[in-house]
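A.B. asks: the sequence isn't on hand, but the structure is:
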């Protein structure tokens, strides 16, 4: 069953009550730091799969910033302060690191936007604590890629993962979330929307797709 408009609306309604959905306005160029080549290929494969689902492009390089999705794997938040030029790309990096360290967080994403409000870049920070280290690489990669494809609510997946498990144990993207991503990347939809009526348009596309 496709999601109802009210369910879609909650996916993009932030904790302050505002509605905001944004998608990428340019091809995605990911780069990954802190993993072995085997894990790197898993992450790149997840980006390729979700971009294919969305009908969005990937590229070898971004003309402005080289790579526009940077995924960092590390053991301690303070390691980020040692990454050259990261403080120039992520505003307020030092207080952010302090806050995440104090909260004992194990993941965080920072988005940058273009003049129209579409996603321009994303920084994914993954502190490999005991919990994240226990997650299979394929599951972790797919979960993170899904959460970089759109600007979801900060509460979108706190109660339920965007992933589901098949009977054979394989982890896949939930069909309802896949449908939302595909609808949001419809060329007729805006790259950014801050009105909840946007959720009605997404729901209409999901409903139409389910009857085809």
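C.D. replies: Noted; the coordinates are in hand. The shown structure was predicted, so the numbers you read here are calculated from the model rather than taken from an experiment.

A.B. asks: which residues are contacting stretch 147-162?
C.D. replies: 10-15, 20-24, 50-51, 54, 56, 69, 109, 111, 119, 122, 124, 143, 146, 173-174, 177, 180-181, 184 (C-beta atoms under 8 Å, 6 or more residues apart in numbering). Every C-beta, even on glycine, is put in place using the N, C-alpha and C of the backbone.

A.B. asks: how close does residue 23 sit to residue 92?
C.D. replies: 25 Å (C-beta to C-beta, to the nearest Å).

A.B. asks: on that earlier part again, buried ones only from the contacts of stretch 147-162, please, as a PyMOL command.
C.D. replies: PyMOL command restricting these to the buried ones, with burial defined by 16 or more other C-beta atoms under 10 Å:
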select buried, resi 11+12+13+20+21+22+23+24+50+51+54+56+69+109+119+122+124+143+146+173+174+177+180+181+184
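
A.B. asks: how is the protein partitioned into domains?
C.D. replies: For the chain, automatic domain parsing gives the domain ranges 1-22+150-212, 24-136.

A.B. asks: how about CSV for those domains, with mean pLDDT added?
C.D. replies: Below are the domains of the chain laid out as CSV (pLDDT from 0 to 100):
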stretch, mean pLDDT
domain 1-22+150-212, 92
domain 24-136, 95
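
A.B. asks: where is the longest helix in the chain?
C.D. replies: Identified as the longest helix of the chain according to DSSP state H is helix 37-54.
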